[in-house]
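Undergrad: fold the following for me, if possible:
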Amino acid sequence: MRPNVNLMKATLTGALGGLLFGFDTVVISGAIDALVRLYNLSPQNKGLTVAIGLVGTVIGALGAGQMGQKLGGRETLRITAILYVVSAAGCALAWDWSSFLVFRFIGGLGIGASSVLGPVYIAELAPAKWRGRLVAAFQFNVVFGIMLAYTSNYVIRTMHLGATEWRWQVGIAGVPAIAFLILLFGIPRSPRWSASKNRIDEALAVLKLMGEPDPESELADIRSALQQEHASAHESVFQWKYRYPLFLAISIGAFNQLAGINAILYYINNIFGSAGFSQISSDQQAIAIGATNLLFTMVGMSLIDKLGRKTLLLIGAAGTACCLAGVAWVFATQSHASALLWLLITYIAFFSVSQGAVIWVYIGEVFPTSVRSKGQGLGSASHWLMNTLIQLEFPVVVQLMSTATPFVFFAIMTVVQFLVVLFVYPETKGQTLEALQRKLVPAD
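TA: Numbers count the residues shown, from 1 in each chain. I've put the predicted structure just below:
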């Protein structure tokens, strides 16, 4: 069995939210210096300008689970698309620093919600054999969006638009946001959500539409799992029996950011500037970083259902720890600046093939259907909360201490991650969501 046209269309539409996620998240890297100059921002306010979108992201991630359970993933994704459109237009037309913060916060709400519901929607449509690779399409689009943002920043920079340059850089995101909104009106609801609302015929029709090899058997398994959960359908995810899935989701979300990935992606121009690169040169280096991210995410997608999630996480943690230590050494010794690009490219390669390809797949797998969206929201919120704290403090730590300091911290955290994954994380590849539920959540 191979994915059919209907499954691929629904997957790519759901994953387009990932492209906007990636684009909106890092496009600020090109505009931040112009905003610092225009509004005379301190290091603290510079960090706030980057991090305010992440505050919205945490709130969006926490709220999306409950809304997704109530309205369904498809309908809630339509709301996120509207938020993306409003944010892009508002940031481009912002009349002062405060208004820019408000519209960037609105975009953060959309990012947080789509980071939860996009992977869940795809996971609940996909057959077990293809689930890892199809959900990883969301992460592929995240990194594709990152590369597009870097490329867009560079192209707009070469157009020499003067004082309006940063407005074009942040406003161009409105184009894919409108496309996302339109495409969301051409995909079905999740069969698991339909079954949870007792829309059995609708659920069966969607399973057939998606090319499920044995839709009746799959629907029976879904209904059996739902019946077991019916008495606690509205229960809180914060229960002792969910302790293992909660630990897995929250820890993988936190480790993703403690590896330093978004600090590097958001402040990439400043990092290269600290090593003596010009602004245009920094934009070009950023494109190389984005292209590496994209390429090795594709490699990770091809390996995730073969080598498995845990193996990829271990390989990635070992590789990123070495690269981060190397970056710290470059800045600590103020030498061998030419090695910086290659160390960061190698770091991105290890990260993308492991954490980058695995995180959203893994969080979407470890919770039972009744609390999956809520659990995904917690894992995503952990990811974004840690991200927010790091982006707020990165420019402050660099100013007060040195550029090397945060990279030393990130290197230590990836070593901790390696040990936790090695001794605590289970492998989830090749198992149905219902089988994983029986394995990870003890029976009452």
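
Undergrad: distance from the chain centre to the helix or strand hosting Asn256, please.
TA: Taking DSSP states H and E as the definition, Asn256 sits inside helix 243-258. Helix 243-258 has its C-alpha centroid displaced from the chain centroid by 14 Å (C-alpha atoms, centre = their mean, to the nearest Å).

Undergrad: show me the shaky parts of the stretch 201-350 of the chain.
TA: Along the stretch 201-350 of the chain, the model assigns pLDDT under 70 to residues 228-235, 275-282.

Undergrad: buried ones in the helix holding Asn256, by neighbour count?
TA: By neighbour count on 16 or more other C-beta atoms under 10 Å, the buried set for helix 243-258 is 245-246, 248-258. Any C-beta I mention is one placed from the backbone N, CA and C, and that applies to glycine too.

Undergrad: please apply the same query to stretch 297-308.
TA: 297-298, 300-301, 303-305, 307-308.

Undergrad: just the ones of those in helices?
TA: 297-298, 300-301, 303 (DSSP state H).

Undergrad: what distance do you get for the most centrally placed residue in the chain to Leu248?
TA: Compute the mean C-alpha point of the chain, and by C-alpha atoms, centre = their mean the closest residue is Ser115, 5.5 Å away. Note on Ser115: its distance to Leu248, by C-beta to C-beta, to the nearest Å, is 17 Å.

Undergrad: ditto for Phe350
TA: Separation of Phe350 from Leu248 (C-beta to C-beta): 21 Å.

Undergrad: same question for Val5.
TA: Taking C-beta to C-beta, one finds Val5 at 34 Å from Leu248.

Undergrad: repeat for Ala291
TA: According to C-beta to C-beta, Ala291 stands 31 Å off from Leu248.

Undergrad: before we move on, the earlier item: and the contacts of the helix holding Asn256?
TA: Identification of contacts with helix 243-258 by C-beta atoms under 8 Å, 6 or more residues apart in numbering yields 237-238, 355, 358-359, 362-363, 366-367, 375-376, 378-384, 386-387, 390, 410, 413-414, 416-417, 420, 424-426, 440-441.

Undergrad: kindly recompute the last result at 7 Å.
TA: By C-beta atoms under 7 Å, 6 or more residues apart in numbering, the residues outside helix 243-258 that reach it are 237, 355, 359, 362-363, 366-367, 375, 378-380, 382-383, 386-387, 390, 410, 413, 417, 420, 425, 440-441.

Undergrad: in helices, which of those appear?
TA: Checked against DSSP H, the contacts of helix 243-258 include these in helices: 359, 362-363, 375, 378-380, 382-383, 386-387, 390, 410, 413, 417, 420, 440.

Undergrad: just the buried residues of those.
TA: In those, burial by neighbour count holds for 359, 362-363, 375, 378-380, 382-383, 386-387, 390, 410, 413, 417, 420, 440, counting by 16+ other C-beta under 10 Å.

Undergrad: residues touching Ile390, list them.
TA: Ile390 neighbours (C-beta under 7 Å, 6+ apart): 257, 262-263.

Undergrad: how close does it sit to Leu48?
TA: Distance, Ile390 to Leu48, by C-beta to C-beta: 13 Å.

Undergrad: again, but for Asn387
TA: Separation of Asn387 from Leu48 (C-beta to C-beta): 14 Å.

Undergrad: buried residues in whichever helix in the chain runs longest, which are they?
TA: Ranked by residue count under DSSP H, the longest helix found in the chain is helix 128-158. For helix 128-158, a neighbour-count test (16+ other C-beta under 10 Å) marks 128, 130-150, 152-154, 156-157 as buried.

Undergrad: which helices and strands sit right next to whichever helix or strand comes after it?
TA: Beyond helix 128-158 in the direction of the C-terminus, DSSP H and E gives the next helix or strand as helix 165-171. When contacts are defined as 3 or more C-beta pairs under 7 Å, 6 or more residues apart in numbering; DSSP states H and E, helix 165-171 packs onto helix 28-39, helix 73-92, helix 128-158.
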